[in-house]
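Engineer: task: produce atomic coordinates for the following.
(one chain, ligands or ions: 1)
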Amino acid sequence: MTDEIAIKSPISWLDGIDIRTGRIVQENHPQRGQSIAGKIVRIRGSTGSTVGAYVFFALKRNNAAPAKIILEEPDSVTISAELAGIPVEIRGVSEVKLGDEELKEELRRYLEREASITGAHGFSKVKSVHISGVSYATIGDSGREWLSEVSREIKFKVAATTNPAGMDLVDWKMMGIPEDFARKQMEIVDSLVKMGALPTFTCIPYLTGNLPTYGEVVCWGESSAVAFVNSVLGAKSNREGATKTVVAAASGYTPIYGKHLDENRLPSIKVDTDPPENTLQYYLLAYYTGLHYPDSVPLYVGLKSASLPELKAISAAGAASGSIELFHIPGVTPNRISDVSRSLRVTKSDLVRLREEMSSFEGGSDLVVLGCPHLSLQELEEMRELLMGRRSLIRFWIFTARSFMPLIERSGLREIFERFGADVWYDTCMVVSPLEELGIRRVTTNSTKAAKYLKSLRRLEVELLDIREIVERYSVPS
Ligand code: F3S
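Structural biologist: Presented below is the predicted three-dimensional model:
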């Protein structure tokens, strides 16, 4: 008889499981050290990155995969295990048929299986797709091979933008990326482009041309972008598994469940807080909420306003510590809200404590990394004022979308960054590039999402500070 394991607390598949052994390695997880290899795994759902969907290929390849997964709640990232040949079940649901006979058999079968597992209300055509899992550093050889294989057979039918790759695709040598990594990364890029993906390589596609409108059904990977389009734009996406986004781009369909349904979009918890004083506090607030209520729909009361950078911060942080796909801020976000009885009070000292817990050193960093999510044009402009007339004391890296490059060049920002001593990298980010292989050990950032993954995936020491504190600590007047 096959052994069973009931996972008591949500797992982040990307960084919570050792792909070589199938052991749980997630920090502070109550079952850390136990193995899921060869077992029937009962789990409520997953948290964190949508790229976790690729982990199932790696577990399979290493003979460390579960025999079966039994889910309690629909979760696209976990259901993607089916694409790696790991059966997924939710008890008590019936078969749902897509009925598009022209669709490639394997795609139709996967979508029907996902619909059955989730108890979907039929299917919807999707207006756009955003593909996550583009970096060789996160999807590895099993992911690279899967993409190469499917790229021989399928073409995308829907506009599909792409998440950051593992390196600046032009200046990767200047970044210090090893040749072998670069070659494998380019294979992944080639497979995606061959299928018809748009080479955007950014996690803020909503600011670079892929802008869903209110009520539109889309299929997006990249958990921060999912939370942003649901909450800020009012479009409808689940937190889709990275491999599922490929299936959706090729088929043009997604099953209707989860955050596609209005009843699942209402607030489930009121989060009461004093107005944050800087962007780091928005990151911390949402991260704290995700830690305590991972799959909730928070209603943030007490926030008088939220700028674009702050909305990006909330979107990224709640989806990194939890699996928050949607939040509301009265007077700021467009979705319908209702009153809710459950509440969470978050004080300034809760946020101070969380920052301290997430920081493993104070001062003496090797590298500053900003741009998780990628910096918007507004944030880049704010950097102008902050960095002008100063000189960095350590390496200082800024990550943004390549489509902003012409504006950075023409607006004089490039000179400001150069004089300060900051490098701007495109197509990639601090988490999905192999920083640990570049001789870096101690990193400073302003993003709780980056802090989490730099620790767990890249095994680096992290210092978490607001952007103004970073500039003060690591630069001097020039
Ligand atoms: Fe984007 Fe990389 Fe952060 S993909 S959200 S900058 S981890």
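Engineer: drop to CA atoms for contacts and neighbour counts, all remaining ones
Structural biologist: Fine.
Engineer: how about the host helix or strand of M383, does it reach the ligand?
Structural biologist: Assessed by DSSP states H and E, M383 sits inside helix 377-387. No: residues of helix 377-387 contacting the ligand under Cα under 6 Å from any ligand atom: none, with a closest distance of 13.8 Å.
Engineer: run the chain-centre distance for that helix.
Structural biologist: 24 Å (Cα atoms, centre = their mean, to the nearest Å).
Engineer: name the residues of it that are buried.
Structural biologist: Residues of helix 377-387 classed as buried: 380, 383-384, 387 (neighbour count, 16 or more other Cα atoms under 10 Å).
Engineer: packing partners for it?
Structural biologist: Secondary-structure packing of helix 377-387 (3 or more Cα pairs under 8 Å, 6 or more residues apart in numbering; DSSP states H and E): helix 413-420, helix 467-474.
Engineer: which residues sit against that helix?
Structural biologist: Outside of helix 377-387, the residues within contact range by Cα atoms under 8 Å, 6 or more residues apart in numbering are 309, 404, 413, 416-417, 420, 468, 471.
Engineer: cutoff 10 Å now
Structural biologist: 207, 307-309, 371, 374-376, 398-401, 404, 407-408, 411-417, 419-422, 467-468, 471-472, 475-477 (Cα atoms under 10 Å, 6 or more residues apart in numbering).
Engineer: just the closest of the buried residues of helix 377-387 to the ligand, please.
Structural biologist: The shortest approach to the ligand among the buried residues of helix 377-387 belongs to L380, at 14.5 Å (Cα to the nearest ligand atom).
Engineer: of the contacts of helix 377-387, which ones also sit close to the ligand?
Structural biologist: Residues of the contacts of helix 377-387 in contact with the ligand (Cα under 6 Å from any ligand atom): 371, 374.
Engineer: what strands line up against the strand ranked longest in the chain, and which way round?
Structural biologist: When the chain is parsed with DSSP state E, its longest strand is strand 367-375. According to DSSP bridges, strand 367-375 has the following sheet partners: strand 395-400 (parallel), strand 442-445 (parallel).
Engineer: could I get these as JSON lines with mean pLDDT, mean neighbour count and distance to A37?
Structural biologist: Below are these laid out as JSON lines (pLDDT from 0 to 100; neighbours: other Cα atoms under 10 Å; distance: least, Cα to Cα, whole Å):
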{"stretch": "strand 395-400", "mean pLDDT": "98", "mean neighbour count": "22", "distance to A37": "37"}
{"stretch": "strand 442-445", "mean pLDDT": "98", "mean neighbour count": "26", "distance to A37": "33"}
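Engineer: what about stretch 196-211, distance to the chain center?
Structural biologist: Relative to its chain's centre, stretch 196-211 lies at 14 Å (Cα atoms, centre = their mean).
Engineer: buried sites along it?
Structural biologist: Of all the residues in stretch 196-211, those buried under the rule 16+ other Cα under 10 Å are 196-206, 208, 210.
Engineer: just the ones of those residues in helices?
Structural biologist: Assigned to helices by DSSP state H, none of these qualify.
Engineer: in the buried residues of helix 377-387, find the pair that's most separated.
Structural biologist: Greatest spacing in the buried residues of helix 377-387, by Cα to Cα: L380 and L387 (10.4 Å).
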